[in-house]
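>>> 3D model of this:
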Amino acid sequence: MANTALKWISDLLNERDIPFVICGGLAAIAYGSTRALNDIDLLVPSQHFQSVIDAGKEHISKPAKRGREEGWHLEYVQFIYDGTKVEVGNANRAEVLDSGSNEWKELVIDFSRVRKINVLGVTVPVMRAEDLIQYKEILDRAVDREDISQIERHG
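Here you go, the predicted model:
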């Protein structure tokens, strides 16, 4: 279940004092989107990325590597916890594909620009709505347009 996976990763990071920010579909849900959740996406600062990998190693389903996937270019590791995919990205040099220009744009993550929101029964640091909308506008996939519409309608 997504809520047990979110509690697992949140506890794992908080116990180690690792800053993180929830992004993607779960962040959109925190701001009012009602679509189904595919996975839990979050970013951590570069200096903590290896610690996350080490701490969650028994749940790794995709080892850490840098790659391009679904409009994202970043280093990430995927865990599966209680049947839910949890993807933790390294915030260093994270980029999103601008659908208009077809160019990669740097995604600058400010870990102080978060809102603590209770989502799925767990209070977590979530990317601010305006930052989430900004990168979703750049990606401009169908799911991003749906999220933006619901966030703006809700907010």
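
>>> what comes into contact with stretch 84-91?
Identification of contacts with stretch 84-91 by CB atoms under 8 Å, 6 or more residues apart in numbering yields 1-2, 4-6, 8-9, 20-21, 38-46, 49, 52, 56, 59, 61, 64, 66, 72, 74-80, 107, 109, 111. In short, each C-beta sits where N, CA and C put it, glycine included.

>>> any chance of a ChimeraX selection covering the buried ones in the residues you listed?
Only the buried entries of the contacts of stretch 84-91 go into this ChimeraX selection, using 16 or more other CB atoms under 10 Å:
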select :2,5,6,8,9,20,21,39,40,41,42,43,44,49,52,56,59,64,72,74,75,76,77,78,79,107,109
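
>>> mind checking the SS state of the residue sitting furthest away from the middle of the chain?
Relative to the centre of the chain, and counting by CA atoms, centre = their mean, the farthest-placed residue is residue 101 at 23.5 Å. At residue 101 the chain is in coil, as set by DSSP: H, G, I helix; E, B strand; the rest coil.

>>> need the contact list for it.
Counting by CB under 8 Å, 6+ apart, residue 101 has no contacts.

>>> which ones among the contacts of stretch 84-91 lie within helices?
By the criterion of DSSP state H, membership of those in helices covers 2, 4, 5, 6, 8, 9, 46, 49, 52.

>>> can you list the residues you listed in a markdown table and add distance to residue 121 and pLDDT?
Below are the ones in helices among the contacts of stretch 84-91 laid out as a markdown table (distance: CB to CB, whole Å; pLDDT from 0 to 100):
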| residue | distance to residue 121 | pLDDT |
| --- | --- | --- |
| 2 | 10 | 92 |
| 4 | 10 | 97 |
| 5 | 12 | 98 |
| 6 | 8 | 98 |
| 8 | 13 | 98 |
| 9 | 14 | 98 |
| 46 | 30 | 97 |
| 49 | 27 | 98 |
| 52 | 22 | 98 |
